[in-house]
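Peer 1: sharing a model that was predicted from the sequence below.
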Amino acid sequence: MNPVNYLYLAALLFTIGATGVLIRRNAIVVFMCIELMLNACNLAFVVFSRMHGNLDGQIIAFFTMVVAAAEVVVGLAIIVSLFRTRHSASVDDASLMKL
Amino acid sequence: MENLIALLIAAPLLGAAVLLVGGRRLDAVGQWIGTLLSAASFVFGLILFADLLGKNAEHRTLTQHLWTWISVGSFQADVTFRLDQLSMTFVLLITGVGSLIHLYSVGYMEHDERRRRFFGYLNLFLAAMLLLVLADNYLLLYVGWEGVGLASYLLIGFWQHKPSAATAAKKAFLVNRVGDMGLSIAIMLMFTTFGSFAFGPVFSHAGDASEGKLTAIGLMLLLAACGKSAQVPLQSWLGDAMEGPTPVSALIHAATMVTAGVYLIVRSAAIFNLAPDAQLAVTVVGAVTLLFGAIVGCAKDDIKKALAGSTMSQIGYMILAAGLGPIGYVFAIMHLVTHGFFKAGLFLGAGSVMHGMNDEVDMRRYGGLRKYMPVTFITFGLGYLAIIGFPFLSGFFSKDAIIEAAFAKGGTQGWILGGAALLGAAITAFYMTRVMLMTFFGEKRWQPDENGNEPHPHESPKVMTIPMVLLAFGSVFAGGLFSIGDRFLNWLEPVTGHSEGHSPISAATVTGATMVCLVIGVGIAWAQYGRKPVPAVAPRGSLLTRAARRDLLQDDFNHVVLVRGGEHLTRSLVYVDHTLVDGVVNGTAAGFGGLSGRLRRVQNGFARSYAVSMFGGAALLVAATLLMRAV
Amino acid sequence: MSATAVHSLWTTAAEPISKIPAPKIEYGQLSPTLIVVGAALVGVLVEAFVPRRSRYYAQVFVSVVALCAAFAAVVALAADGYGTTKAHIAAMGAIAVDGPSLFLQGTILLAGLVALFTFAERRLDPAAHGNRVDSFAAQAASVPGSDSEKAAVKAGFTTTEVFPLLLFAIAGMLIFPSANDLLTLFVALEVFSLPLYLLCALARRKRLMSQEAAVKYFLLGAFASAFTLFGIALLYGYAGSVSYARIAQVVDGTVTNVDPALANTMGNDALLLLGSALIVMGLLFKVGAVPFHMWTPDVYQGAPTPVTGFMAAATKVAAFGALLRLLYVVLPGMRWDWRPVMWAVAIITMLGGAIVAITQTDIKRLLAYSSIAHAGFILAGVIATSKDGVSSVLFYLAGYSFVTIGAFAVVTLVRDAGGEATHLSKWAGLGRRSPLVAAVFAVFLLAFAGIPLTSGFAGKFAVFKAAADGGAAPLVVVGVISSAIAAFFYIRVIVLMFFSEPRPEGPTVAVPSPLTMAAIGVGVAVTLVLGVAPQYFLNLASQAGVFVR
Amino acid sequence: MSFPLLTATAALPAIGAVATAAVPAARRTAAKWLALGVSLGTLALAITVLVRFDPDGARYQLTESHAWIKDFGVRYELGVDGIAVALLALTAVLIPFVILAGWHDADPLETGSRRWRPTQGFFALILAVEAMVIISFEATDVFLFYIFFEAMLIPMYFLIGGFGDRAHEHGEEAASTQRSYAAVKFLLYNLVGGLIMLAAVIGVYVVAGNFSLTEIAQARANGSLHMATNTERWLFLGFFFAFAVKAPLWPLHTWLPNAMQEATAPVAVLITAVVDKVGTFAMLRFCLQLFPEASKWATPVILVLALISIVYGALLAVGQRDIKRLVAYASISHFGFIIMGIFAMTSQGQSGATLYMVNHGISTAALMLVAGFLISRRGSRLIADYGGVQKVAPVLAGTFLIGGLATLSLPGLAPFVSEFLVLVGTFARYPAIGIIATFGIVLAALYTLVLYQRTMTGPVKPEVSAMPDLRARELVVVAPLIVLLIVLGVYPKPVTDIVNPAVKQTMSDVHKTDPKPSVEAAK
């Protein structure tokens, strides 16, 4: 199979993720969508790595995973504390500050 | 001897400075300081006069250079004085009449608490007037020109607590400013034409300039003269100027300052001689004004305003004469001098009457005063005779000469101008007789004022009557003194030049016609005011009379067009400034504020909409980058 | 497992690639970063092992020492010529040690140090139960208003973790502008972002807003990171490498030995344009350029003010550093593509920031919008694509960061019962109550407005000059116009402080400890020195204006 | 190295400002005396400059030059020509009077904390303005000039916004609002002007590579620095805009009435007599020297704007109901004259304009300060609230009248000389414009005399009946100004002698010579 198709897949996943960020209210889901975007990136890295025949992309993918994991830690901490305060994980509820 | 010239000015200037800065401690002696310094100036004038007389006619010009005033590039203005026959004449008139009026004022202003300042202003006026006539260039003349305007302003408005006085003063200054504008434009024209505005270079190069330029200069000088000498169309201030104390009216608004316009034109003879169109304009202005003033003078019941109309008219004669060119210059000045005497005398007489009548100015409230104020009556009477041109008094010689010269202009112009002058003589006789009759003859008509104080007419103190007597002497004899043997003509000719015109009618005819006019004028006046009692309340009068009472509607015109129009203009400009000029700026500010308020709403607090904006931004960024490559 | 083995497992590429050489790390040249990271780790250990009472002092001590030492290391490296003649790429191509790096690292370290002072300030908030407290939550995990929070307050807990978090963030920022490959760039981005997300959530007062700020910042930040990462992926696909040098070569077309088999991806301009646009977008997000700015006001307002000051200053420095390097080292070959786009971004950033700021009513939001407008000005310098452009941006950043920290430090002083009194109406008449504080704040505002004799003017002049020199005269004109608009709201604050009558129930100005005083004092000093005698610093910036490739 | 006299002249008030600001709150009077002393010291230094300046010497004298910001091509370059010396002297002369006149303007009210020290601030700010104005006159480096041109806005802004007339017809609250509106308006107008100039300043650098006025002017003169026509025009416009705002020229004038109306009289004097002069001065020094061709290109439009300023300002002055606003509009009219003189491009016009700057400074100071004394007595700025003051306070009225007469350019007083020179200079090249401008003198008489009539004459209003006459301090302020007005009116030579050579230089910068008189030209 042409590796380019994986790129299309990556782009699709990225778009799905981005769309999810834009349309979902629940912070956790939004966050998951971001993770999906990161994964799409990973896929792209791996595909490009394969196409170029060097390992950089695959190594980057590992880094991305680590970073994503760290992000999860931080992100969940924040979201959870928000949830505990407001009893809601909706990102739209958090709109005290505006204008 | 030249060095004395500066002292002429310095003496009254010092007086002004001392009196105005000196403060209250000079209150007691202020009037004497002022009079003394004025007299000192007169004495200097006499010394210089004697000196000039001792010289040949062609060496009778003294100059004194004091310092360079302004010097920028080719623009050179010096403080230099020129004393020649013309300025000498004025110096003597100014300081002489001035000193007399100072003296008179000592009595007249005796009870005024601000007397010190009055004398300060009078001295200031003398200094400025002397500067005007002694200046050797037009810019320095301009200083004197505005200086007398200032003094006039201060003195007209001397009784500032009276709103009418303050308004009159302001009006005088403003109308004069319009004239001054003419003078400054004339100076600028001289500068661009001749590269100088000193008398010497301008007069000597006048022949090199184009007639158009000379005409322009001449017209601008005429405008200046109109302002200062209360000629149509800038005459409206003079009547109101009578709000000032009467000595002021005598000195400034009769004898000296208002004649400055005549001086200016005669002084600029070299320019006018080469600009016939400008000369014509001068004569027209003179003729119109002499009638205008005379008509106004007929209708006024206020003694000072009647005299003011007369002044206007008499100056009209002078201007007319000055416009005639070399045939008229000398007579203009001669009439100026004699007029200085008799008009000053008349005003002082009027002042004396008012002094005795609780400052009443309405002639309809006078009557029969000759019994109460004999000296005033006699001096006033002599002045009256002089002004109407009673034979062999001053006015007879000088006015007659002007009427002759007007006919001598020749052609249709000569007939028209001469006719106007003759008509003026008749009207003069009428209104002056009217004044005389209403004031000194008939029944007494005065009544108690609102406070119940009935006037007790009485003769004025010596300090006031002496100047009146002296001026009466001048009124009687000056004309004869000047004319017999053409003394005045010979004296002035080196400066002004002179030529005999070609009169279509003989001098004797003119004199005869003038006499006829005089008799007619006196007769009508007698018929109206002498034969029957004068009503205490003015009758409604004919249309012309009513118009003349209102200065021939000129003030109404000014009021409607200039004052109202100006108010509308400034008010609408204030509006424009606020709404338009400022509005644009404030509008811009408000516009940004509104834009800000609208843009601000984009920041709605929802993280997801922020994400949308980012996403959109990213898309745009990508699209734009791609587009850039595509282009 | 050896690299070859990995390779053979996962790829079917034609030929085996050579061995990965043992990495050569120039520890000396990386010492600034290493020191800070080390100190951050020590800080973590301190949290674990040092008794609660002494933690604060230990943390402050460690942090101050680390930042000073790191700064000393930067100075030493610069003195050694690493900024100019010896500039090179260290750590196997990952980190550039050159003028801009050292200059920005120095700036970040100093700004971090000053910010640290404001972090450590414990005198502003009234003491709770006899314990001095700082701006941070007693216990972040406790729900606002809950019993556990009250207990934590009563026990005198403080979140001393902020210090290691700060150090981590600083460490990330140190790497960010000197990252010389995209991977390092991404990692550094995350290293400094993640602690900042947390710091935002830690306010002692107004915790709801603080948490909201953190959530917004986090979600949007992560969102932007994802875009950046995708961009990196695309660029990787384009060039076959994430190394700046390598990508630059490909962009320039100097790489000729392209494998025909890979021609369809390698050197594919669509990938290049897409990828670079996305990476640039990530950086623009961090600098707060319109339209990626929307997090800024909310986060600046909600975050604890010391954190806001730090973020506003240091993040901007780091992000602009990275942006400069990216544009000047990686993408100069496609200048003609990105310049017009950046023009547009700069213009809307300048105008947008200035215009929206006009109607702000909260001082922190106002400063946030102001920082957006400033980002626009700096972008004008970035666009100049000249050595002058680089050095002017460096200079601007140095001046701006201290003004910003100082300004936010002043904001921490003006307090009422609810903590900081950030609503503008409460600042009315401040000049009457405490002329000195108001005067200092006025100095900062004037510097923001770019009035001569302040650093703001010198910086603005430098940037505009570079832009005009670089042919961006219209940009200068727009900059000037938006400066004028911006002046309006700075002046509005000054009017309020000096010309309005004080409100009877207005806020009080707390007397700070020497720490905050130092932060403000440094701000004023830098503002004036850079305004009056900027030559030395301009020299530094211009010496530092060359990127190593 | 010789003593840096010019630096010292600017530095003394600057140091004085800091020192004054540092005087403790309780020692208010000490601060006043300190400020007065410093301003007198500055005057002494300025007189030294005047004495050491040789009118026939080099163009720029007492020069100082030090490296400052090399990267921006900026040098700390000072030097004065005749024009600068005249204005320097004007500034140094006026400030002591301003300080003395404002002696009690900033005495604190009861409110405010202990640390609020308005008095110290007031006088410190005045000195700061003086320092900045002086250095603007001295700077021969465009950038250096620009910095202080802009920076002086800040102290001015605080002076306008922070200190106003005590009494106000709508109460303190409204006064405060209007004051800050005026201050903001002042600052924004000038800041916008300044920022646009900033763009042009940068442009100059891009084109010329340095900011030295002398170098650029020289390079322009000998052709080694070529500016494209359009570039030159744009840069000129950038500079001119800023100066026209500051001057102010119609239609950029609306900030001035607000500022002068709301500020205390001494501050109003500071604005119009001192600070605004920097604008007209800079037109003469920077616009003409740096962009001679563009200046000539723009001349017609500028002259028309100046003409509009003259007439419009005067007409609006007539329509004002507020004394200070009236003076402000009168100033706008006068600034029209100054700008007209500058761009008439004749030596009379430019010398006249320079002289005008000096004389207008003195005359406005006299009029405005007396007006301030008047207003402080009655607590109202409205003309209608006065009447008959002459009767109760004759000295006040007299000095007010003299100030007014100077404003209407009465011959014998200083402004006449300059106004006539400007008119003649303009007329020589543009007769029509000269003639229309002459209408200005009638209008000037109108607004001045109307003001005098309504306030000073007529029956005494009950509110003013107890008004005291000028006090000793106030007399000390006014009398020297009046003496100066008279002396310079009668003997302006000392000033023209200093100014003329500089104007000659400027004329040769723009390659213009005076038009020849038509009699000579015909030959």
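Peer 2: Everything's here; your move. Computed from a prediction, not measured in an experiment: that's the story for all the values here.
Peer 1: test my guess that B:V178 contacts B:Q235.
Peer 2: No. Counting by Cβ atoms under 8 Å, B:V178 does not reach B:Q235; the two are 11.7 Å apart. The way it works is simple: take the backbone N, C-alpha and C, and place the C-beta from them, glycine included.
Peer 1: of the two, who's got more company?
Peer 2: The neighbour comparison of B:V178 against B:Q235 (other Cβ atoms under 10 Å in any protein chain shown) goes to B:Q235, with 28 against 20.
Peer 1: check contacts around the residue in chain A positioned nearest to chain B.
Peer 2: Nearest to chain B, among the residues of chain A, is A:K98, at 2.8 Å (Cβ to the nearest Cβ). Shown in contact with A:K98 (Cβ atoms under 8 Å, 6 or more residues apart in numbering or on different chains): B:Q603, B:N604, B:G605, B:F606, C:D298.
Peer 1: likewise for D:I383?
Peer 2: Applying Cβ under 8 Å, 6+ apart, the residues contacting D:I383 are D:Q320, D:R321, D:D322, D:I323, D:L326, D:L451, D:R454, D:T455.
Peer 1: okay, now the closest residue to it other than its chain neighbours: neighbour count?
Peer 2: Counting by Cβ to Cβ, 6 or more residues apart in numbering or on different chains, D:R454 is the residue found nearest to D:I383 once chain neighbours are left out, at 5.0 Å. Residues lying near D:R454 (other Cβ under 10 Å) number 19.
Peer 1: distance of D:R454 from D:T272?
Peer 2: 22 Å (Cβ to Cβ, to the nearest Å).
Peer 1: picking that back up, out of the contacts of A:K98, which are buried?
Peer 2: Among those, the ones that count as buried by 16 or more other Cβ atoms under 10 Å in any protein chain shown are B:Q603, B:G605, B:F606, C:D298.
Peer 1: and those, which is closest to chain D?
Peer 2: Among the buried ones among the contacts of A:K98, and counting by Cβ to the nearest Cβ, the member closest to chain D is B:Q603, at 25.0 Å.
Peer 1: show me where pLDDT drops low in the stretch 351-500 of chain C?
Peer 2: Applying pLDDT under 70 to the stretch 351-500 of chain C flags no residue at all.
Peer 1: residues of the longest helix anywhere in chain B that come out buried?
Peer 2: Counting by DSSP state H, the longest helix found in chain B is helix B:163-194. Residues of helix B:163-194 classed as buried by neighbour count (16+ other Cβ under 10 Å): B:163, B:165-194.
Peer 1: same check on stretch C:37-45?
Peer 2: For stretch C:37-45, a neighbour-count test (16+ other Cβ under 10 Å) marks C:V37, C:G38, C:A39, C:A40, C:V42, C:G43, C:V44 as buried.
Peer 1: residues contacting it, please?
Peer 2: With contacts defined as Cβ under 8 Å, 6+ apart, stretch C:37-45 is touched by C:Q59, C:V62, C:S63, C:V65, C:A66, C:L67, C:F163, C:P164, C:L167, C:F168, C:A171.
Peer 1: try 6 Å
Peer 2: Stretch C:37-45 has contacts (Cβ atoms under 6 Å, 6 or more residues apart in numbering or on different chains) with C:Q59, C:V62, C:A66, C:F163, C:P164, C:L167, C:F168, C:A171.
Peer 1: do the same with stretch C:273-286
Peer 2: Contacting residues not belonging to stretch C:273-286 are listed as B:618, B:621-622, B:625-626, B:629, C:224, C:227-228, C:230-231, C:234-235, C:238, C:292, C:315, C:319, C:322-323, C:331 [Cβ under 6 Å, 6+ apart].
Peer 1: ok, stretch B:57-65 next?
Peer 2: B:E2, B:I5, B:A6, B:L52, B:T80, B:F81, B:R82, B:L83, B:D84, B:Q85, B:P494.
Peer 1: buried subset of those residues?
Peer 2: Buried among these by 16+ other Cβ under 10 Å: B:I5, B:A6, B:L52, B:T80, B:F81, B:R82, B:L83, B:D84, B:Q85, B:P494.
Peer 1: just the strands in the stretch 51-200 of chain D please.
Peer 2: Here the stretch 51-200 of chain D has its strands, by DSSP state E, counting those that start in this stretch, at D:61-69, D:74-80.
Peer 1: the last one close to chain C?
Peer 2: I take that to be strand D:74-80. No. Judged by Cβ under 6 Å from any Cβ of the partner chain, strand D:74-80 stays clear of chain C, getting no closer than 8.7 Å.
Peer 1: give me the pLDDT value at the closest residue to chain D within chain A.
Peer 2: Nearest residue of chain A to chain D: A:L99, at 23.1 Å (Cβ to the nearest Cβ). According to the prediction, A:L99 has pLDDT 73.
Peer 1: give me every residue that touches the residue lying closest to it once chain neighbours are set aside.
Peer 2: Nearest residue to A:L99, sequence neighbours excluded (Cβ to Cβ, 6+ apart): B:R600, at 5.0 Å. Taking Cβ under 6 Å, 6+ apart, we find B:R600 in contact with A:L99, C:V356, C:T359.
Peer 1: would you confirm that the last one contacts B:G597?
Peer 2: Yes. Under the criterion of Cβ atoms under 6 Å, C:T359 is in contact with B:G597, at a separation of 5.1 Å.
Peer 1: neighbour count for those two, which is higher?
Peer 2: A direct count of neighbours by other Cβ under 10 Å for C:T359 and B:G597 places C:T359 higher, at 20 against 14.
Peer 1: dihedrals phi and psi, the more buried one?
Peer 2: When read as degrees, to the nearest 10, the backbone of C:T359 gives phi -100, psi 20.
Peer 1: ok, the nearest residue to it once chain neighbours are set aside - how many residues close by?
Peer 2: Leaving aside its chain neighbours, C:T359 sits nearest to B:S596 (4.3 Å; criterion: Cβ to Cβ, 6+ apart). Residues lying near B:S596 (other Cβ under 10 Å) number 21.
Peer 1: out of the contacts of A:K98, which touch chain A?
Peer 2: Counting by Cβ under 6 Å from any Cβ, B:Q603, B:N604, B:G605, B:F606, C:D298 from these sit close to chain A.
Peer 1: tell me which element the second one falls in.
Peer 2: Just to be clear, that refers to B:N604. Under DSSP states H and E, no helix or strand contains B:N604.
Peer 1: please apply the same query to B:A548.
Peer 2: Applying DSSP H and E, one finds B:A548 within helix B:543-549.
Peer 1: elements contacting that helix?
Peer 2: When contacts are defined as 3 or more Cβ pairs under 6 Å, 6 or more residues apart in numbering or on different chains; DSSP states H and E, helix B:543-549 sits against helix B:276-299.
Peer 1: which is the next helix or strand following the helix it packs on?
Peer 2: helix B:303-323.
Peer 1: residues contacting D:A265?
Peer 2: With contact taken as Cβ under 6 Å, 6+ apart, D:A265 is in contact with D:M368, D:L369, D:G372.
Peer 1: tell me the pLDDT at it?
Peer 2: In this model, D:A265 is scored at 89, pLDDT.
Peer 1: nearest spatial neighbour of it, chain-adjacent residues omitted?
Peer 2: Once flanking residues are discounted, D:A265 sits nearest to D:G372: 2.3 Å by Cβ to Cβ, 6+ apart.
Peer 1: distance of the one you found from chain A?
Peer 2: Per Cβ to the nearest Cβ, to the nearest Å, D:G372 is found 45 Å from chain A.
Peer 1: how many other residues sit next to that residue?
Peer 2: Counted with other Cβ under 10 Å, the neighbours of D:G372 add up to 26.
Peer 1: quick check: phi and psi at it.
Peer 2: phi -60, psi -40.
Peer 1: cool, and C:R415?
Peer 2: The phi/psi pair for C:R415 (degrees, to the nearest 10) is phi -130, psi 150.
Peer 1: you'd agree the residue of chain A closest to chain D is up against B:Q603?
Peer 2: Yes. Contact criterion Cβ under 6 Å: A:L99 and B:Q603 qualify, at 5.5 Å.
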